[in-house]
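# Provide a 3D model corresponding to the input given below.
(3 chains)
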Amino acid sequence: MAEALKDRSMVLQKEMLANYFARLEQAPEKGEPVVYTFVPGNLVELIRSFDALPVLPEINALQSGMRKLSGDYIMEAERSGHSEDVCTYVKCDIGMMRNGNLGPSGKKLPKPDLLLLSYTGCYTFMKWFELLREEYDCPTVMFHVPYQGDGVLEPEHREYMIRQLREQVIPALEKATGRAYDEEKLKERLRLSAQAEDDLVAVLQAGKQRPSPIDGYFGAVYYVGPIFSAFRGTQEGVDYYRALREEVEERAAEGLGPVTPDGPLNDQRYRLVVEGPPNWTSFRDFWKMFSDEGAVVVASTYTKVGGTYDFGFRHDPNDPLGTMADYCSGCYTNLNLPARIEMLARYVKEYEADGFLINSVKSCNSFSAGQLMILREVEKRTGIPGAFIESDLVDPRYFSAANIKNRLESYFQMIDARRRGKSA
Amino acid sequence: MSVVVGIDLGSTTTKAIILGENQEVLGRGITNSRSNYDLAAAVSRTEALINARFGQVRKKAEENSSVAAVDKLRRAFILEQMLHQLRRLEQLMLEEVAKSAPPGLKAPFAVALQEICRRIAELEEQRFKQPPILRSDFFRDAAGSAFMKFAEEIGDPAGVSFDRLVGIYDKCIIRVENEPLDLDFRDHIGSALARIGSPPALAEAVHYAVAMDLTPAWTVGTGYGRARLPFPKEQIRSEILCHGLGAHAMFPDTRTVLDIGGQDTKAIQIDDQGIVTSFQMNDRCAAGCGRYLGYIADEMNLGLHELGPLAEQSRRSVKINSTCTVFAGAELRERLGLGEKREDILAGLHRAIILRAMSLLARSGGVDDQFTFTGGVAKNPAAVRALRELVGENYGERTLNISPDSIYTGALGAAIFASRMMN
Amino acid sequence: MVRETFGSDEQQEGPTRAAVVDWARDVYDDLDFTAVRRWLEANPGRKAGGYLPVYVPREVLHATGFLPVGIHGAGDRLEIIRGDAFYQSYICHLPRSIIELAQSGRLDMLSAVLFPSTCDVIRNLSGMWKLLYPDIYVRYIDVPQTPDPAAGADFWEGELRRLLHDLALVSGHQATDQDLRETIRVYNEMRDMIRTLYRVRQERPWDVPTEELYVLLRAGEVVPPEEFIAQARRYLGAVEAEPRRPRDNSRVIVVGAFCEQPPLGLIKSIERAGCYIVDDDFILGNRFLANDVSLTGDPVRALAEAFVHNDMRTSVLYEGDPRGKKQLMAQRVAAANADGIIFATPSFCDPALLDQPMLRTGAEQAGIPCIAFKYAENTGQFQQFREQAGTFADSIKLWGVV
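The predicted model follows:
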């Protein structure tokens, strides 16, 4: 396959990540404390305010997937007793650890000084860090983010979270880093977060335009990378999102579509909304199946797993602990099913989509359980048909290109036929 | 005449349909799928053309009442095709022996092969005279089983053993299958006619059929597999859309279509124009598909076509909880070991298969009137009965459509797309 | 309905034991929840409230006048047609049969359904239920996962009060402190009864076969606690009155079956293969609070405190102690005086399957023999379980515990 095309922001992001992994490799030597945590509910500003470095095992796993390393890691984990039925991110992580804990960029990842178990939106997270705790024998702090069962963040739940931050998480960070909590530093970082969030939202909402200058799913996973990980609340992050926004606005002004690895997508025949995480092991091939048909994704729910910013939420430096609670609660996988359906239906309408698609991922019950109902409900509310395909996060055995292509092509032809009111 | 062709490359069989100017079906062709997609498509198209020409022969024959002779002619034609392929197979095998057999065995090997082929030809001639009721017309199937049988009879464990014979066969049959051969109507109708004594009335009809110009004006292909279909992109339509449209053509009032194929199951909802409005597929796991029944048939040493009738004899269905093909054999053996009757287990298995189809139907939007059932499993009476029961229980009265030509549904849809593209 | 006799060489069952087991078995088998319906009919205005596994504080239902009804799926007794339309193949079987029960009208007598924080499947099912049955009160219940008892108790007290408030609106009955204390007293007694049953089984498993204990506990999930207590008392009385002969069976604990339940045939297969099940985590919710809830002070607070101090260790709760998972199996085996562990987990069950490597490693490091297999609530073939359990029991007897 030809060398993948990248736009400026992708190159910039790759550099940022490479530098960060290099820094992580040096962290034990330089005495920089390292805190492992999760993307949904990641308290990056807080971690960074202690001058500690966050590591996100989910991102390591997906990077391993994109680099085709995950298959072996998963089998290694299964050989050591893990079930085929469970989350492949976890297995990939365990396998990676057993192979010298070399991160996706080939550099050794530092051991955690603290496992910040942000228990947000996913049951498996709890087990993941219980398992890592056994491997690393390091301090662990549980931060329980209650689920929005009734579709709102209840005041008592907010209180509960704030209390845990004050009484559990902050003391744990103080102990692990040997530094005192500095609320001013935290506020400063929250301010930077809000700035970057403004730009990110502008970028994501550019998908409303015709043609769309972004791909809101495949392209957007690159866009949300920095803000869902080590770079939110940093000047680097602010700079990145400023640059990204300019790049997207430039394209929009020229009426251009997004840059895909196989070329720009200017001739956009189908506008889609996508629900579910992407497949990482065949990421490029998967994207190509869309772009080959002229399908651009204008909005997705996956790009809200690390925080939902496009309905008004911004980190608020004036209420540091409260705002972090609000942020965590609003992460996509912490929203109840009716709210998810609402979001999808709203995207379909506001982004003027021709169709929507659910990528049902075997590993992730949090996303997948109930998606068949989501499919029917969104169809009912929007009147447009939905596509349903099945794959996995990072287990290459569960991605069948032929099956998926068949379903996608059928779906696109179906939309065509409906548009013209007769056969295609 | 302006005709169009629709070709459906399936996992087990490749089908072709030829439509005339008024979208009437002129011919149907089917062959076993093979790794060379181009060839599979070509052979199925050839078969469809042959079928079309035979259709013409029959029409003409009706005028001078020699219809009975047409069937005989057709069988003679098939025999000629078989013999032609057999000769080619023999040729290839002899070449292979000359090239690669150990020196001491070359001569007896060649003799053995020639004898086997002679016996196969004799068997085919015998069959022509007294046709068996159920039999596959595919060369691969007929030749294969006959070869095994005679190789067993002739094979000498000390010399040209059964294994050696089968080895050569396996090597060469693939080549025969994947090289273009002259199997067209015009190639063999002459000798077929001669074989049955060239009755003049029939000869006239044949002459007419040979002269017909059936050059396809347009072709649309469908089906899916790992490699690209052998058609340009604008001539390919998704098999789901083709299936929906084909079902609509067969049953204009149908709104829900269920297709249980060899390896996948599709539930399709269509509108009054035959356009698909929603679909669900179960293609990752073959549980509940034709292949599963194949395993069961193997386990029980029965022919696939015997499963349904046997299941129909059940008076007490056994509840089977899983249709996993991996465990099919084990579950079956355990049940038999527990003293359950074969027909009861089979009845339970058929119900389990249909239950899986029911959930797929529910996911795709339910079962709307009229309901069409296609695919190989639709020929299975026990499956049909289970389906009728479950649909009735869960959705109420539904007209159930089953066509004996349902295996051509996809190809028909493709041909209709081709026809619409012409206009 | 064919009920198999226990064994030809066993003593004749006294009328009371058989009567209890028969009663329990009928209730267990009944997918129409007739017992619940009869209770409702006896007094108009009564309400029934359902709950899913694993743990829901039934006290809040009882105190507001509801009959708490455990919804544990339909096992192998219901053909799933509609349920499968809601779930992909890689999700466990339990939610399918629950939806099937609901969609076929068998749960239409419930006015409320509570969904505990067991896993993401049950969590998401709560949202689906809201859409499918908008007129039913539905609440997802997050139990506190923070290891800090003070914060946990405050949070949990808030949740309990919220439930009491909401459920009172549905039933029309506000729970007074007296109601609450009375409820707590009854459930303390029920838990005590269950503990006693488990203790007697642990001491004399030949007298309390798990296939009998299990159906008794399952029946207890759908009848008023008072009725369960009475039946359990009768059963224990019969156990004392008519003891049975012990067999040379291996003593095992069964771990992993706390949510989707194994079919009764599986439990029987394990016992008939030569094992005494001396401890298990079947329907764990009925004994989730290890100690009595205090009857002094504010009852809601007491209930909340009881939960955070209950030292119940299971896959659906965060383990705050880093050595906790590794030590757990050794502790349970020692407490039950068992010889080995059978890890029996439902296919696709995240909590059980993700925990297993940690639990098993700990067990093996402590030299405890283990086997593991997966089941589904509708597994129909038990041959393989019989063989595995039988081989396991034999190997324990031959080579013993290290």
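# after the biggest helix by length in chain B, which helix or strand is next?
For chain B, the helix with the greatest residue count under DSSP state H is helix B:67-100. Next along the chain after helix B:67-100, taking DSSP states H and E as the criterion, comes helix B:106-129.
# follow-up on the earlier one: enumerate the positions of the longest helix of chain B that are buried.
Buried residues in helix B:67-100, counted by 16 or more other C-beta atoms under 10 Å in any protein chain shown: B:69-70, B:72-86, B:88-90, B:92-94, B:96-97. Quick note: C-beta positions are derived from backbone N, CA and C, even for glycine.
# again, but for stretch C:80-98
Within stretch C:80-98, judged by 16+ other C-beta under 10 Å, the buried ones are C:80-88, C:90-98.
# anything in that stretch near chain B?
Yes. Stretch C:80-98 lies within reach of chain B by C-beta under 8 Å from any C-beta of the partner chain, at C:80-85, C:89.
# check the offset of the longest helix of chain B from the chain's centre.
19 Å (C-alpha atoms, centre = their mean, to the nearest Å).
# mind jotting down where the strands sit in the chain?
Using chain A. For chain A, the strands defined by DSSP state E occupy A:34-36, A:53-55, A:114-119, A:140-144, A:259-260, A:263-264, A:270-275, A:295-300, A:355-361, A:386-391.
# switch to chain B, that's the one I care about
B:3-9, B:13-19, B:25-32, B:216-223, B:256-260, B:265-270, B:276-282, B:371-374, B:400-401.
# out of the ones you listed, which gets nearest to residue C:153?
Of all the strands of chain B, strand B:276-282 sits nearest to residue C:153, with 47.5 Å by C-beta to C-beta.
# the residue in the stretch 301-424 of chain A that chain C sits nearest to and residue A:377: what is the separation?
Nearest residue of the stretch 301-424 of chain A to chain C, counting by C-beta to the nearest C-beta: residue A:337, 2.7 Å away. Separation of residue A:337 from residue A:377 (C-beta to C-beta, to the nearest Å): 9 Å.
# name the nearest residue to the residue of chain C at minimum distance from chain A, ignoring sequence neighbours.
The nearest approach of chain C to chain A comes at residue C:127, 2.7 Å away (C-beta to the nearest C-beta). Using C-beta to C-beta, 6 or more residues apart in numbering or on different chains and skipping the chain neighbours, the partner closest in space to residue C:127 is residue A:337 (2.7 Å).
# kindly report the same for residue C:25.
Nearest one to residue C:25, counting by C-beta to C-beta, 6+ apart, is residue C:215 at 4.9 Å.
# related to what we said a few turns ago, which SSE is the residue of chain C closest to chain A in?
helix C:120-132.
# give me the residues contacting that helix.
Residues outside helix C:120-132 that contact it (C-beta atoms under 8 Å, 6 or more residues apart in numbering or on different chains) are A:122-124, A:147, A:149, A:336-338, A:340-341, A:365-366, A:369-370, A:373, A:377, C:52-53, C:86, C:91-92, C:94-95, C:98-99, C:102-103, C:113, C:115-117, C:136, C:138-140, C:259, C:350.
# in that helix, which residues are buried?
Those would be C:120-131, for helix C:120-132 by 16+ other C-beta under 10 Å.
# for the stretch 201-350 of chain B, what spans make up the helices?
Using DSSP state H, counting those that start in this stretch, the helices of the stretch 201-350 of chain B run over residues B:239-250, B:290-299, B:304-311, B:325-337, B:342-364.
# likewise for the stretch 301-402 of chain C?
C:324-336, C:350-365, C:383-399.
# got the ones you listed as a markdown table, with distance to residue B:5 and mean pLDDT columns?
Shown next, in a markdown table, are those (distance: least, C-beta to C-beta, whole Å; pLDDT from 0 to 100):
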| stretch | distance to residue B:5 | mean pLDDT |
| --- | --- | --- |
| helix C:324-336 | 65 | 96 |
| helix C:350-365 | 51 | 96 |
| helix C:383-399 | 52 | 91 |
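# can you count the residues close to the closest residue to residue A:63 other than its chain neighbours?
Counting by C-beta to C-beta, 6+ apart, residue A:104 is the residue found nearest to residue A:63 once chain neighbours are left out, at 3.2 Å. Close neighbours of residue A:104, defined as other C-beta atoms under 10 Å in any protein chain shown, add up to 20.
# distance-wise, check residue A:104 relative to residue A:114.
22 Å.
# residues near residue C:334, how many?
11.
# tell me the contacts of the residue of the stretch 301-424 of chain A closest to chain C?
Counting by C-beta under 8 Å, 6+ apart, residue A:337 touches A:370, A:373-374, C:124, C:126-128, C:130-131.
# do that again at 10 Å, thanks
Residues near residue A:337 by C-beta atoms under 10 Å, 6 or more residues apart in numbering or on different chains: A:149, A:151, A:369-371, A:373-374, A:377, C:123-131.
# would you point out which residue of the stretch 51-200 of chain B is nearest chain A?
Counting by C-beta to the nearest C-beta, the stretch 51-200 of chain B gets nearest chain A through residue B:178, at 20.9 Å.
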